[in-house]
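In: the following comprises the amino acid sequence and a computationally predicted model.
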Amino acid sequence: MDGGRFSWYHPATKSLSMSFSKGEIVERKLEHLENTSEISVFSRIEPEVKIMTERKTFDDLVRLMDRLRDPGGCPWDREQNLATIKTYFLEEVYEAVEAIDENDGPGVVEELGDVLFEVVFLARLAREQGWGDVYDSVHHVHEKLVRRHPHVFGDSSVENSEAVADQWQKIKGEERKEQGKRRGSVLDGVPQVLPPLLQALRISQRAVAKGFEWPDLNGVLDKHAEEVRELAEAVKDGMPKEKAEEELGDILFTLVNVARWMQLDPHAGLMRTMRKFRRRFGYMEDRLADENKDMEACTLDELESLWTQAKKELG
C-alpha cells in the first residue's frame, strides 16, 4: 500500500476512492474502513482531498433564476421578456435535438439542462404576469398525464400503442368539452410554428386518423408525379412566383405522405442529408484551401471531381 492516497469522496455512496502507486483504484465505504487493514492508509492522506460538489436540484435552479431576475440581480436577465427568451428557448431546443441526432451523450445531458433553464426563465416571466409559476406547470402536466393514462393509473385497459393514442385523443376531446371549448378541427392541435416538414407530417397523420387517406402507396406516388408535372408546367408557362411556390409546396407535402406510408421520418431524413452535405462540402473547402484555390474559380468538372472524392472519403 506504499504511496497510497485518497483521491475522491463520494457523498452519494459515502465512500472514498483510493489510488495506489501501482495505479489500482479501490473504493470502500467509510463505515467499513475502520474494520479493515486499509485503515493504515490514513497515515498517507495527501493534504488536498477533492470533495464532490453537492448535486443541485430543480428547486436550486428556480432559486438561481429568482436571484438573477430579482432587484440587484443580473442587468441582462432583468431586461429580458417573453419574446426574447422565446428565441433562446427555441435555439436551446434545437441544440439539444442536434446532440441527440449526433448520439452525443454528455452533450444531450448538458443541452437538456440549458433547455430546462429556459423553461424556468419563461415560467418566472409568466409568474410576473400573474399567470402562475413553474410549479403550476409541473402540477398541470402531472395531472394531465395521470388523467390521460387511465390504463396505467386507473382501471381501463388497452391492447396496443395505437389504442393508447386513440384513448388520448378521446380524453383530450372530453376535456375540451368540460372546459366549454368548441369542438374545432382535429388539426387545431398542430402548432403552426412547428418546422414545416414536421408540421406537414402531423397534419397528415391527423387527417388520416379521420379516414382521409389514399388507398395505397402507389396512389401517393401517382399524386406526387402529378404534382411534379404541374410544377414543370408552371415553370414552362412562366407562372407567377407565388403560384410556382404553391406547386412546390404540393410536391413537398405529397413527399411527406410518401414518407408516412413508408413509416419514415421526413424531418430526420432531411436532417441527415444536410449533415452529410455539410461534411462533404467542408471536405471540398479544406482540399481547395490546401491548394490555395478559391472555389469560385474552379470549373464544374473540378468541383464534381472533388465532390466524388468527398463521397469516397466520407461516405
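Out: That came through fine. In this text, all values refer to a predicted model and were calculated from it rather than measured experimentally.

In: buried ones in stretch 305-315?
Out: 306, 310 (16 or more other CB atoms under 10 Å). Bear in mind the C-beta positions are built from the backbone N, C-alpha and C, glycine included.

In: and the helices in the stretch 151-300 of the chain?
Out: Per DSSP state H, counting those that start in this stretch, the stretch 151-300 of the chain carries helices over the ranges 161-178, 196-209, 217-236, 241-261, 266-290, 300-314.

In: the third one vs helix 241-261, what angle?
Out: In this case it means helix 217-236. Helix 217-236 and helix 241-261 are oriented at 160 degrees to each other (axes from the mean of the first three to the mean of the last three CA atoms, to 10 degrees).

In: name the helices or strands packed onto helix 217-236?
Out: Where contact means 3 or more CB pairs under 8 Å, 6 or more residues apart in numbering; DSSP states H and E, helix 217-236 is packed against helix 241-261.

In: may I see the buried residues of the helix it packs on?
Out: Those would be 244, 247-248, 250-251, 253-261, for helix 241-261 by 16+ other CB under 10 Å.

In: what's the lowest-pLDDT member of these?
Out: Across these, no position has a lower pLDDT than residue 244, which has 88.

In: thought that one was touching residue 236?
Out: No - if you go by CB atoms under 8 Å, residue 244 and residue 236 don't touch, sitting 10.7 Å apart.

In: can you say which of the helices of the stretch 151-300 of the chain is nearest to residue 149?
Out: Closest of those to residue 149 is helix 161-178, at 8.1 Å (criterion: CB to CB).

In: what's next to the closest one, contact-wise?
Out: For helix 161-178, the external contacting residues (CB atoms under 8 Å, 6 or more residues apart in numbering) are 147-148, 150-151, 156, 158, 182-184, 189, 209.

In: any chance of these in JSON lines, plus neighbour count and pLDDT?
Out: Formatted as JSON lines, the contacts of helix 161-178 follow (neighbours: other CB atoms under 10 Å; pLDDT from 0 to 100):
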{"residue": "147", "neighbour count": "14", "pLDDT": "96"}
{"residue": "148", "neighbour count": "18", "pLDDT": "97"}
{"residue": "150", "neighbour count": "14", "pLDDT": "97"}
{"residue": "151", "neighbour count": "14", "pLDDT": "96"}
{"residue": "156", "neighbour count": "12", "pLDDT": "92"}
{"residue": "158", "neighbour count": "15", "pLDDT": "94"}
{"residue": "182", "neighbour count": "8", "pLDDT": "70"}
{"residue": "183", "neighbour count": "9", "pLDDT": "65"}
{"residue": "184", "neighbour count": "10", "pLDDT": "75"}
{"residue": "189", "neighbour count": "12", "pLDDT": "83"}
{"residue": "209", "neighbour count": "13", "pLDDT": "86"}
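
In: make CSV from the residues you listed and add distance to residue 287 to it.
Out: Output for the contacts of helix 161-178, formatted as CSV (distance: CB to CB, whole Å):
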residue, distance to residue 287
147, 58
148, 54
150, 60
151, 57
156, 62
158, 56
182, 60
183, 60
184, 55
189, 49
209, 50
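
In: residue 127 versus residue 262, what's the distance?
Out: Here residue 262 is placed at a distance of 46 Å from residue 127 (CB to CB, to the nearest Å).

In: which one of those two has more residues nearby?
Out: residue 127 (16 against 10; other CB atoms under 10 Å).

In: and the more buried one, what does it touch?
Out: Per CB under 8 Å, 6+ apart, neighbours of residue 127: 133-134.

In: let's see that with 7 Å instead.
Out: By CB atoms under 7 Å, 6 or more residues apart in numbering, the contact set of residue 127 is residue 133.

In: and the host helix or strand of it, what's buried?
Out: In the assignment (DSSP states H and E), residue 127 maps to helix 105-128. Neighbour-count burial for helix 105-128, counted by 16+ other CB under 10 Å, picks out 108, 111-112, 114-115, 117-127.

In: next SSE after it?
Out: Downstream of helix 105-128, the next assigned helix or strand under DSSP H and E is helix 134-147.

In: what angle separates that next one from helix 105-128?
Out: Using the same axes, to 10 degrees: helix 134-147 against helix 105-128 is 110 degrees.

In: can I get helix 134-147 in PDB, CA atoms only?
Out: What follows is helix 134-147, C-alpha atoms only, in PDB (Å, rounded to 0.1, in the frame of the first residue of the first chain):
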ATOM      1  CA  VAL A 134     -43.200  26.800 -12.800                       C
ATOM      2  CA  TYR A 135     -44.700  24.600 -10.100                       C
ATOM      3  CA  ASP A 136     -48.200  25.300 -11.500                       C
ATOM      4  CA  SER A 137     -46.800  24.000 -14.800                       C
ATOM      5  CA  VAL A 138     -45.400  20.900 -13.100                       C
ATOM      6  CA  HIS A 139     -48.700  20.300 -11.400                       C
ATOM      7  CA  HIS A 140     -50.700  20.800 -14.600                       C
ATOM      8  CA  VAL A 141     -48.700  18.300 -16.700                       C
ATOM      9  CA  HIS A 142     -48.600  15.800 -13.900                       C
ATOM     10  CA  GLU A 143     -52.400  15.800 -13.500                       C
ATOM     11  CA  LYS A 144     -52.800  15.700 -17.300                       C
ATOM     12  CA  LEU A 145     -50.500  12.700 -17.700                       C
ATOM     13  CA  VAL A 146     -52.200  10.800 -15.000                       C
ATOM     14  CA  ARG A 147     -55.700  11.600 -16.400                       C
END
